[in-house]
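Enquirer: Sequence plus predicted model, see below.
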Amino acid sequence: MIIAIIALVISFFLESITSCFFPNSLNMISYFTTIYTIITLVVLYPYFDNNKKYYMLLVIFGILFDIIYTNTFLLNIVLFFIVSLFVRFINYHLATNLLNINIISIIAIIIYHLFSYFILEVIGYLQYPFMLFINIISHSLIMTIIYTTILYLILKKVYMHVNIKTIR
């Protein structure tokens, strides 16, 4: 479990590090932005035998994401949970390998942005054009694939090295 927490903490801080080096605004979206915490949760999911621990980490990092990055109350917990339901469903039907994890990560990022767009539109908190939403997704795909691939290979190597197949 400690490896999963370390990976999540690194990914969580990577969000702020990349925002410092690659400024991101609604007018100029960087290709190096994505939601690293969600990708880490996607890559870590197959290692969890105990869904309770997985959801505990999901809630903790959802709260932290809300407080530090988005300044919304409980929105990211809900979004992370929705994404995790899709990840769980897709993982049930697909084998765990690099290609499938990349596909699941892309779907997870799209689902996160799609649900956040619609929730924010419905409550009127933040409104932006649909083409900007498409632009945000298209720009985040490149880094999603790169980060998912690197993280998957590193975690696979680490878990094999310490001989852990699942987190109970």
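Expert: Yep, that arrived.
Enquirer: For residue 34, grab the count of nearby residues.
Expert: When neighbours are defined as other CB atoms under 10 Å, residue 34 has 28 of them. In short, each C-beta sits where N, CA and C put it, glycine included.
Enquirer: My guess is it contacts residue 140. True?
Expert: Yes: using CB atoms under 8 Å, residue 34 is in contact with residue 140, at 4.3 Å.
Enquirer: Pull up the overlap in contacts between the two.
Expert: Counting by CB atoms under 8 Å, 6 or more residues apart in numbering, the residues touching both residue 34 and residue 140 are residue 109.
Enquirer: Now residue 48: phi and psi?
Expert: Here is the backbone geometry of residue 48 (degrees, to the nearest 10): phi -90, psi 120.
Enquirer: ok, now how distant is it from residue 100?
Expert: 16 Å (CB to CB, to the nearest Å).
Enquirer: Then residue 112?
Expert: From residue 112 across to residue 100, the span is 18 Å (CB to CB).
Enquirer: Equivalent analysis for residue 156, please.
Expert: As for residue 156, its distance to residue 100 is 13 Å (criterion: CB to CB).
Enquirer: do residue 144 as well
Expert: According to CB to CB, residue 144 stands 14 Å off from residue 100.
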